[in-house]
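J.: Provided below are the primary sequence and the corresponding predicted coordinates.
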Amino acid sequence: MNHLSLITKREYLNKVKNKSFIIMTFLSPLIMVGIFALIGFLTQLNNDSVKTISILDESNLFSNEFENTDHTKYDILTGLNLEDAKKVVREAENYGLLYIPPAENVDAIANKIVFYSEESPSLNVMDNIEDKIEEKARVIKLRKSGLDPDIVNKLSVNVRTNLETFDGEKTSKVGSLMKLVFGGALGYLLFMFIIIYGNMIMRSVIEEKTSRIIEVIISSVKPIKLLLGKIFGTSLAGLTQFVIWTIVGGLLMVGVSAFFGIDVSQNPMAGQQQEIMQQMADNSDMQNKVTEVVLEFWNMPIANLIIMFILFFIGGYLLYASLYAAIGAAVDNETDTQQFMMPIIMPLMLAIYVGFFTVIENPHGTVSQVFSYIPLTSPVVMLMRIPFGVPIWQQLVSVLILFITFYFTVIIAAKIYRVGILMYGKKPTYKELYKWLKY
Amino acid sequence: MRDILVVENVVKNYGDYRALNNVSINVAKGSIFGLLGPNGAGKTTLIRIINQITMPDEGLVTLDGQPLKPDHIKDIGYLPEERGLYKSMKVGEQALYLAQLKGLSKSEARQRLKYWFDKFEIGDWWDKKIQELSKGMAQKIQFIVTVLHQPKLLIFDEPFSGFDPINANLIKDEILKLRDEGASVIFSTHRMESVEELCDDIALIHKSNKVLEGKLIDIKRQYKNNEYEIGLITDNEAEVTQNLKDNFELTKATFKSLNNELQFNIKIDDKTSANQLIKHLTSKGELTHFVEVIPSVNDIFIQTVQNH
């Protein structure tokens, strides 16, 4: 077996056999699913309590608008003045008191409505109440102007644009959202992988340095081979983890969906959004939404995404890993790494910000395009763009640029590495690092 | 006898600093070669060049008649001064890994490791992690790993540090045995008594230059200055001392003895022979002790370094 594969194998096994790696790999999907379940459970718990809202309507215009729902009860107070009503509501420990003052016209009321409560009410509740009052006020004003609200409603046109690409691929707003979420998740995952595994490499280099085994090893192999073996081995460990996560996570998701399958449409979280959803599409209930989401998911270039994720993962990881390794070689201990970490973290953060703000705004705008070619940001940005449809040749050019940059970076990193691993003592400056390149 | 290693006019610069300046050494086959020098003289740089860890800026290094090439790493075994092994790796796994890096096949490495582990009676360490071993125990593993691939040239940098006297002796015997079996050894140390004991040849590097090289015995001859350690019993100590002082260069000396005698060192000039000195001494009293003072490596080291 040649040196490179020997080292790669050792680094790989060393990472994979590590207890914390095994625990992380198999526990993380469980924890993720657990967290989702917990959030769902807590939301349900939160909404389970029934709020009672008392209403003192001295204008007598709105009382009929408030109908009890599963989570909110309305208690119409009559024959009380405001002070008494407040007392009553407080003693009954109700959620709050909505006070609508007497007035001759709707406009005069608009700014005088007050909601009294022990604590600030939730935005949801207030939106709900305001919507109802606004709707009623609109109807009243329409009537006053001599218009029949039913006719006005019939006259209003609800526009739903159907989206279709030139190739005839149908898309929808839900689809756009899905693409955003999925691309964003992949980009973010890559970002996390680079940071976690990059740090792993750096620590492993520092460990070899501080344990002084480095001199024994490099009397047997060339430093560049050790460097590459390290990067490849750790990269393979990262891929292993990704594959395991995909499989375990997928299985768990399928299992959970099957288990809670019926619950999905009645999910309280979805319930909150139900009204918005209903406004968006009158004829589609949650079941249809779910189907649409699933359909949109399969509408995305999944195979393209996975292949590109792996290519960008390898390329981006290799590029950053060589930089991390060079840093590890330059210093004696982890606390000294701070100063050199900044230039590495900055482009990564930039990529994430560009991804989350610019790409979402306009996936094919100039900024998005440029950043999806710059090698230090392309892995994250391009991955976020791909779900919106990027021509294959552009993706390939970006990958090519990435790998070429890796090639040159690793040569520079290897020079710093070669000198750095045998240097002990004071932390080098950037100027000294530059000098090392010429040794 | 041909030389296993020839270093010719090697120059190595680190930026503006010249770490080695035209250094040449020859290591004879089957010998133990002492590489000496004060801290920071350039020994480690030279050793790293021989190991191809760094490349010389000028000069040539040949191993067994061929200029150094990557394939030579399997002919060299190097025990660095700063020892280190992967702390969280198991002893056996680690030894196999390092042996494979030196070009041994896995089965061959396993076989040879078994031999050495049996020899040092450490078979039950195989599944232990390095961090569970004491420093001396880890040193033993490192020694085994260094010699396992049966290299032609062994380089030991302070091989005895960290060992108790028993284990140091064990390692010393192994080094001598390896030498007898045909290996050549470069031995770098600050412990001069082990240089006296082991080395056939020495070289001294000081401030990036080689200042001394040759057979240990030749160098000692070169540095001897006709000095003798003498014990003399006489009735008239004051008069005899005065007499000797008039005739020779006399310094006080102390050595262990059963008698209560005059003890001193006498230095004679080139014209006087040892026999003449003895004649003179026996005429003054009873000569109980007469030893030629052989300069120790320690003296040679200090003297050479101070003179440069």
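T.: Nice, I can see it. In this text the structure is predicted, and so the values were computed from the model without any measurement. Numbers count the residues shown, from 1 in each chain, chains lettered A, B, ... in the order given.

J.: number of nearby residues for the closest residue to residue A:211 other than its chain neighbours?
T.: Of all residues beyond its chain neighbours, the one nearest residue A:211 is residue B:84 (4.3 Å), with distances taken as C-beta to C-beta, 6 or more residues apart in numbering or on different chains. Every residue, glycine included, has its C-beta placed from N, CA and C. Applying other C-beta atoms under 10 Å in any protein chain shown, we find 20 residues neighbouring residue B:84.

J.: Tell me who's in contact with residue B:84.
T.: Residue B:84 makes contacts with A:208, A:211-216, as judged by C-beta atoms under 8 Å, 6 or more residues apart in numbering or on different chains.

J.: Buried only: go through those residues for me.
T.: Listed as buried from the contacts of residue B:84 are A:208, A:211, A:213-216; burial here means 16 or more other C-beta atoms under 10 Å in any protein chain shown.

J.: which ones are touching the closest residue to chain A within the stretch 201-308 of chain B?
T.: Using C-beta to the nearest C-beta, residue B:208 is the residue of the stretch 201-308 of chain B that sits closest to chain A, at 16.8 Å. When contacts are counted by C-beta under 8 Å, 6+ apart, residue B:208 touches B:18-21, B:23, B:41-42.

J.: For it, what are phi and psi?
T.: With angles defined as degrees, to the nearest 10, residue B:208 sits at phi 70, psi 0.

J.: Domain parsing of the chain, as residue ranges.
T.: Went with chain A since none was named. Following automatic domain parsing, one finds the domains of chain A at A:50-155, A:174-256+A:277-436.

J.: ah, no, chain B please
T.: According to automatic domain parsing, the ranges for chain B are B:3-221, B:225-292.

J.: ok so, going back, widest-spaced pair of the contacts of residue B:208?
T.: Between any two of the contacts of residue B:208, the greatest separation by C-beta to C-beta is 12.1 Å, found for B:18 and B:41.

J.: and residue B:21, what does it touch?
T.: B:11, B:208-209.

J.: Which secondary structure element is home to it?
T.: Per DSSP states H and E: residue B:21 is located in strand B:17-28.

J.: Could you tell me which residues within that strand count as buried?
T.: The neighbour-count check on strand B:17-28 (16+ other C-beta under 10 Å) flags B:18-21, B:23, B:25-28 as buried.

J.: do you know how far the residue of the stretch 151-300 of chain A found nearest chain B is from residue B:191?
T.: Per C-beta to the nearest C-beta, residue A:212 is where the stretch 151-300 of chain A lies closest to chain B, at 3.0 Å. Using C-beta to C-beta, to the nearest Å, we find residue A:212 at a distance of 20 Å from residue B:191.

J.: Need the three-state assignment for the residue lying closest to residue A:212 once chain neighbours are set aside.
T.: Among residues not flanking residue A:212 along the chain, residue B:84 sits closest, at 3.0 Å (C-beta to C-beta, 6+ apart). At residue B:84 the chain is in coil, as set by DSSP: H, G, I helix; E, B strand; the rest coil.

J.: Need the pLDDT of residue B:84.
T.: Looking at residue B:84, its pLDDT reads 84.

J.: Quick check: the gap between it and residue B:137.
T.: In terms of C-beta to C-beta, residue B:84 sits 14 Å off from residue B:137.
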